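Peer 1: sharing a model prediction with you, sequence too.
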Amino acid sequence: MVISHELFGDKATSQIGSFFKKGQQFKEEDICNITERVLDFIKEQYSKFLTVITEEIKSDTFVAGRIHSLGFYAQQIKDDPNNCFSVVFVEVQNSIDELPHELRILLLNDKDDVIALNCDYQEILVRGENEKYLGQFICDEEIINDSLLRYRRYKKDTCDGMIAFFNQTRKNNPIKPYFMSGKIIRVGFNESDN
């Protein structure tokens, strides 16, 4: 490859010399011609990509069952850490059957800028009126690459909701207040303990 520019003048040379690759002979060519063809190819492919995305958006494929925020309930007792817990849930009016068989969850916060976070919980409780737990959704896939944001799939589990609640209280579920809303009950703490 030769790239040169005259010291006193406007003449520039940018050539790729001839070469042989994978049984094919390539002739000498100006880099600007190759770059222009590559740029045209990228423009064409990008235009095709936008067309496909636009059609997909119009069809609203896979939007049912998407959830972008969760609720939480937590209890903190100052002198009794064994009775501290936190649970995460989605809310319904009366029945777990108000939700589809499958949920896909990607936590979003769009208050200032849109920020997303993968949902890393293994179970999501379903809570109805009067804070009654009605069942749960169980993670149906693992996230292999944390840096790739995606909707994580959860399947409905119509188990006893209170048993699911007690099982979840035994786990260490970190709360993500920037992506969730809920209530924390604190017992035995002074205002200075915050």
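Peer 2: Done, it's in. Numbering: from 1, shown residues only.
Peer 1: in the chain, what residue spans correspond to helices?
Peer 2: Taking DSSP state H as the test, the helices found in the chain are 31-59, 161-169.
Peer 1: which of those has the lowest mean pLDDT?
Peer 2: Here the lowest mean pLDDT among these goes to helix 31-59, at a mean of 87.
Peer 1: now that helix: how far from the chain's centre is it?
Peer 2: 26 Å (CA atoms, centre = their mean, to the nearest Å).
Peer 1: distance-wise, check the residue nearest to residue 4 when sequence neighbours are not counted relative to residue 5.
Peer 2: Closest residue to residue 4 apart from its sequence neighbours, by CB to CB, 6 or more residues apart in numbering: residue 13 at 4.7 Å. From N, CA and C alone the C-beta is placed, and that goes for glycine too. For residue 13, the distance to residue 5 equals 8 Å [CB to CB, to the nearest Å].
Peer 1: OK, contacts around the residue nearest to residue 25 when sequence neighbours are not counted?
Peer 2: In space, residue 25 comes closest to residue 18 once its chain neighbours are excluded; the distance is 7.1 Å by CB to CB, 6+ apart. Shown in contact with residue 18 (CB atoms under 8 Å, 6 or more residues apart in numbering): 25, 26, 27, 28.
Peer 1: just give me the closest of those to residue 128.
Peer 2: Taking CB to CB as the measure, residue 128 lies nearest residue 26 of the contacts of residue 18, at 69.0 Å.
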